[in-house]
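>>> take a look and give me a structure for this.
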Amino acid sequence: MTMETESRTALREFIALLQEVDEHWCGEERNLHSEQDVAASHRALMHIIEASLVGYFEQDASNPDFRRIVTPGRKLTGDNSDAIYFDAPLSPQHSYVIHGSMQGAVYFSLTIEEGAAEGHMAKKTAGVINDADLEIDSNGNFTVYLGGEPRPGNWLPLSEGASRVTTRHYFEHPEPAAMDPRLEPRMRIECLSRDTAPAPPSDSSIAAGIRRVSNAVRSRTLEMPMLASGELPNFMSITPNEFPTPQTPGDFGLAAFDAHYSMAPFFIGDDEALVITGRWPECRFGNVCLWNRFQQTLDYTTRPVSLNREQTTLQQDGSFRMILAHQDPGLPNWLDTEGNPFGLVFWRFFLVQGEAETPQAQVVKLADLRQGE
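Got it, this is the predicted structure:
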C-alpha cells in the first residue's frame, strides 16, 4: 500500500505541472513550429528545473545562504557571460549582515527583490546599493547590513514585501568572466535576529520545498508573457534588428536601478549578416549578449556570442562595428548566432554618464560584406 504524505502530494503536483508545461509551453501555443524549437524548449526547461532546485528547494529566510543563480551550464532569465550572480532568501521579519568581496569586479551591486517569496518570479526591485555607495577596504572586502535599525552607511532597509537579495559582480576581461572559477566572489549572509535553530526537515517542510520548486518552474514558463503580448518594458522592442533607446528599468523585477538596457530580436537569413554600429557610452560597464528565445545566452564557452568593451575592436574614431552572422566573416567583432536565424540581442550599460547612444543595425549580404573589405 502506498503511504500517502504531503510530500508525495506535492511531488505529484510537480509531475502534473511538468506535463502541463510540455503541453502548453513547449509547443505551438508559444510559437514553436519545428522539432528544433521544441527540443530547445525542453533544454530551457531542464535549466529552469535545475535552477529552481538549487535556489528554492532548500530555503530558509532565517538561515539563508548565497547560491549562484546561473552558470555556463545553467542559463535562464537573461544570463550574462561577463557577470556572476548570487541570491538568497530574505524576510522583513529579520535583519541580516553580508560579508563580501569585489573580487576585482568593475561593478558590484546588491538589490532587494519583492514578490519572490515561495519561488515566484520577483515583481519589483525595492532597493539597491552599489560599490560607489559602499565603504570597501583596500583588499576589496565589504560588510552590508539589511533590515533592522537604520545605520549611517552600508545598509538597506527591508520593505514589507522584501523576499530575496540578488548580488551582481560585473567584469570586463578578454575572456568571459562567468566561466572563470578564479573570479567567483566569496560572500556570506547571516541572519542576525534568529533566536532558535531551524527545525529539522519534516514531511510538511519537504512538501513546501517541492511546491517552491513548482512555483519557480511555473513562473518562468507558463506565467511568462509572450514577447509580443502585453505591455513591454521601455527598453524592449519586438521589431527585429531595431534597438530601442537604452533606458533605465525603474523598479522592474530582477533589474538593476543603475543600468541602461536595450533589447531587440535579431532576424537574418542563411546568407545574411547584421551589421551593428555605435559607440560605447561613458559608463562603469558595458556589454552585449546574444540570447535564444528563452532568454538563455548562446554558448560563450566555445563561441564569440558576447562582447564587452575590453573585447571590442574600435574604429579610428572610437566607434564600433559588430557583425552578427552565422559564419565567421573574417572581420573583427563577430557575434556568432550558432546558426539561429532568430534570437535576442541584449545591451547593458551600468552607471552611464551622459547619453547612451542607440546602436544602429542593418541587414546585409554576407558575401557583399566580405567583398567590401
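>>> going forward, measure contacts between C-alpha atoms and count neighbours the same way
Noted.
>>> what is the neighbour count of residue 115?
Look at residue 115: counted by other Cα atoms under 10 Å, it has 18 neighbours.
>>> now do the buried residues in the helix or strand residue 363 falls within.
In this structure, residue 363 sits in strand 360-365 according to DSSP states H and E. Of the residues in strand 360-365, 360, 361, 363, 364 count as buried by neighbour count, 16 or more other Cα atoms under 10 Å.
>>> and stretch 347-358, by the same measure?
Per 16+ other Cα under 10 Å, stretch 347-358 contains these buried residues: 347, 348, 349, 350, 351, 352, 356, 358.
>>> in its sheet, which strands sit next to the strand holding residue 363, and in what direction?
Applying DSSP bridges, strand 360-365 is found paired with strand 272-278 (antiparallel).
>>> residue 164 against residue 119, yeah?
No - taking Cα atoms under 8 Å as the definition, residue 164 is not a contact partner of residue 119, at 9.9 Å.
>>> neighbour count winner among those two?
The residue with more neighbours, out of residue 164 and residue 119 and counting by other Cα under 10 Å, is residue 119; that gives 28 against 24.
>>> in contact with that one, which residues?
52, 56, 212, 213, 214, 215, 216 (Cα atoms under 8 Å, 6 or more residues apart in numbering).
>>> tell me the contacts of residue 132?
Residue 132 neighbours (Cα under 8 Å, 6+ apart): none.
>>> tell me the secondary structure for it?
helix (DSSP: H, G, I helix; E, B strand; the rest coil).
>>> all helices for the chain, in order.
6-24, 35-52, 203-219, 366-372 (DSSP state H).
>>> tell me which of those lies nearest to residue 336.
helix 366-372 (13.1 Å; Cα to Cα).
>>> now that closest one: mean pLDDT?
The predicted model assigns helix 366-372 a mean pLDDT of 78.
>>> counting neighbours, what do you get for residue 271?
13.
>>> could you check how far it is from residue 225?
32 Å (Cα to Cα, to the nearest Å).
>>> then residue 248?
For residue 248, the distance to residue 225 - Cα to Cα - is 21 Å.
>>> and if you look at residue 161?
23 Å.
>>> who has more neighbours out of those two?
Counted by other Cα under 10 Å, residue 161 and residue 225 do not tie: residue 161 has more neighbours, with 18 against 14.
>>> doesn't residue 112 make contact with the more buried one?
No - under the contact definition of Cα under 8 Å, residue 161 does not touch residue 112, with a separation of 9.6 Å.
>>> overlap of the contact sets of the two?
Going by Cα under 8 Å, 6+ apart, no residue sits against residue 161 while also sitting against residue 112.
>>> mean confidence for stretch 131-148?
The model assigns stretch 131-148 a mean pLDDT of 97.
>>> for that stretch, which positions count as buried?
131, 134, 136, 142, 143, 144, 145, 146, 147, 148.
>>> mind putting the helices of the chain in CSV, mean neighbour count and distance to residue 197 included?
Formatted as CSV, these follow (neighbours: other Cα atoms under 10 Å; distance: least, Cα to Cα, whole Å):
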stretch, mean neighbour count, distance to residue 197
helix 6-24, 16, 23
helix 35-52, 18, 25
helix 203-219, 22, 15
helix 366-372, 12, 63
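>>> could the ones you listed go into JSON lines alongside distance to residue 126?
Listed next are the helices of the chain as JSON lines, based on distance: least, Cα to Cα, whole Å:
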{"stretch": "helix 6-24", "distance to residue 126": "30"}
{"stretch": "helix 35-52", "distance to residue 126": "22"}
{"stretch": "helix 203-219", "distance to residue 126": "20"}
{"stretch": "helix 366-372", "distance to residue 126": "46"}
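>>> residue 302 is nearest to which of those?
Using Cα to Cα, these put helix 35-52 closest to residue 302, at 18.3 Å.
>>> and the contacts of the closest one?
22, 25-27, 32, 69-70, 73-76, 119, 213, 216-217, 220-221, 294, 296.
>>> OK, contacts around the closest residue to residue 10 other than its chain neighbours?
Leaving aside its sequence neighbours, residue 10 sits nearest to residue 207 (Cα to Cα, 6 or more residues apart in numbering; 5.5 Å). Residue 207 is in contact with 6, 7, 8, 9, 10, 11, counting by Cα under 8 Å, 6+ apart.
>>> residues contacting the last one?
For residue 11, the residues meeting the contact criterion (Cα under 8 Å, 6+ apart) are 207, 210.
>>> what pLDDT is listed against it?
98.
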